[in-house]
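predicted model, plus sequence, below.
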Amino acid sequence: RLFLPEPEGERAMLQLIAQFRSFSLILSTYAAWTAINVLALSFRLFQVLQFQGRLGLITRTFGKSFNDILHFLLLFLFVLVAFSVMAQKLYGRQLPAFKNLGNCLIRSLFQMTVGMGDDPYQDMLEANTEVQ
């Protein structure tokens, strides 16, 4: 090898990488707890808003329609998972966004459903030669 690394410098770099990984784990844990906290505070806000007339109407409406909303979300999740499995089986070998079921579910199909992120539809058309 032309450039031999110094063992001390290499160890220091590996330690720095390990520290960055631990900081990344701490940051992702913090983000998850922050999201849970915001959700809990939103529920508390809905409880507090019940005393006000017009806003209480909204909270009572959400309370009475909770079962319907829950059933819709379960059905939506079932259909989304079914399409994710299908997309992973069809495009998993050709497109990196569909390599595993987790990436397929979150990054591709959910983002396509709500209109966020890059649309992989053109890549899907190019990967599937049967459609063209």
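Looks like it came in fine.

distance between the longest helix belonging to the chain and the chain's centre?
Across the chain, the helix with the greatest residue count (assigned by DSSP state H) is helix 7-48. How far helix 7-48 lies from its chain's middle: 16 Å, per Cα atoms, centre = their mean, to the nearest Å.

helix, strand, or coil at the most centrally placed residue in the chain?
Centroid check for the chain by Cα atoms, centre = their mean gives residue 106 as the closest residue, at 4.5 Å. Here residue 106 is recorded as helix under DSSP: H, G, I helix; E, B strand; the rest coil.

tell me, how many residues neighbour the residue nearest to residue 91 when sequence neighbours are not counted?
Nearest non-adjacent residue to residue 91, counting by Cβ to Cβ, 6 or more residues apart in numbering: residue 98, 4.2 Å away. To be clear about C-beta, it is placed using only N, CA and C from the backbone, and glycine gets the same treatment. Per other Cβ atoms under 10 Å, the neighbour tally for residue 98 reads 25.

pretty sure residue 98 is touching residue 83, no?
No. With contact defined as Cβ atoms under 8 Å, residue 98 does not reach residue 83; the gap is 11.2 Å.

pull out the buried positions in stretch 24-32.
Within stretch 24-32, no residue is scored as buried using 16 or more other Cβ atoms under 10 Å.

with only the CA atoms kept, save that stretch in PDB.
Taking C-alpha atoms only, stretch 24-32 is exported to PDB below (Å, rounded to 0.1, in the frame of the first residue of the first chain):
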ATOM      1  CA  SER A  24     -27.300   9.200  16.300                       C
ATOM      2  CA  LEU A  25     -29.000   6.500  18.400                       C
ATOM      3  CA  ILE A  26     -29.600   9.100  21.200                       C
ATOM      4  CA  LEU A  27     -31.000  11.600  18.700                       C
ATOM      5  CA  SER A  28     -33.400   9.100  17.200                       C
ATOM      6  CA  THR A  29     -34.600   8.000  20.600                       C
ATOM      7  CA  TYR A  30     -35.100  11.600  21.600                       C
ATOM      8  CA  ALA A  31     -37.100  12.200  18.400                       C
ATOM      9  CA  ALA A  32     -39.300   9.200  19.200                       C
END
